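Chemist: I would like to see how this sequence folds:
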Amino acid sequence: MKVGLTVVAVVSADVAGNLFLRQGMRDGWKLNPLVGCGVLCMSVSFFLFATLLSRADLSFVLPMTALGYAVNVLGARCFLKEKVTAVRWAGTLFICAGVALVSLSQGLR
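Modeler: Numbers count the residues shown, from 1 in each chain. The predicted structure follows:
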């Protein structure tokens, strides 16, 4: 249960950090509080990721945190109003399928 919640926290912090950074960098290299929030979220994500590695196998952690790629695409589409092509959606679906296969294999142990 702790590992699952930590995975959710890592992915959430990573996605929030990416969205904040992207939104903050739209104004260029100006001092922007959104960039600071993005850096803070990415730092939290890193330390949670390190904690997760101490509690679970790398072969489980990396695919699970790869869900962040899919959530990043959704966040870019919904919050940043970016255009996402069909090829990128297909790539995102492949990532999700890979995560599903890894999570199924984890339960087979």
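Chemist: burial count for the nearest residue to residue 33 once chain neighbours are set aside?
Modeler: Nearest residue to residue 33, sequence neighbours excluded (CB to CB, 6 or more residues apart in numbering): residue 24, at 7.5 Å. Backbone N, C-alpha and C define where each C-beta goes, glycine included. Residues within reach of residue 24, counting by other CB atoms under 10 Å, total 19.
Chemist: and the gap between residue 24 and residue 102?
Modeler: 33 Å (CB to CB, to the nearest Å).
Chemist: got it, and residue 69?
Modeler: 14 Å.
Chemist: neighbours around residue 28, how many?
Modeler: Counted with other CB under 10 Å, residues neighbouring residue 28 total 7.
Chemist: Can you classify it as helix, strand or coil?
Modeler: Under DSSP: H, G, I helix; E, B strand; the rest coil, residue 28 falls in the coil class.
Chemist: Equivalent analysis for the one 3 residues further on, please.
Modeler: Recorded secondary structure, residue 31: coil (three-state DSSP).
Chemist: Please identify which helix or strand holds the residue nearest the centre of the chain.
Modeler: Geometric centre of the chain, nearest residue: residue 68, 2.4 Å, by CA atoms, centre = their mean. When elements are assigned from DSSP states H and E, residue 68 belongs to helix 67-78.
Chemist: Can you give the contact residues for stretch 66-82?
Modeler: The contact list for stretch 66-82 (CB atoms under 8 Å, 6 or more residues apart in numbering) reads 7, 10-11, 14-15, 18-19, 22-23, 84, 88-89, 92, 95-96, 98-99.
Chemist: Mind checking which of these are in helices?
Modeler: Judged by DSSP state H, the subset of these located in helices is 7, 10-11, 14-15, 18-19, 22-23, 88-89, 92, 95-96, 98-99.
Chemist: Which pair of those spans the longest distance?
Modeler: Distance extremes for the ones in helices among the contacts of stretch 66-82: the farthest pair is 23 and 98 at 28.6 Å, using CB to CB.
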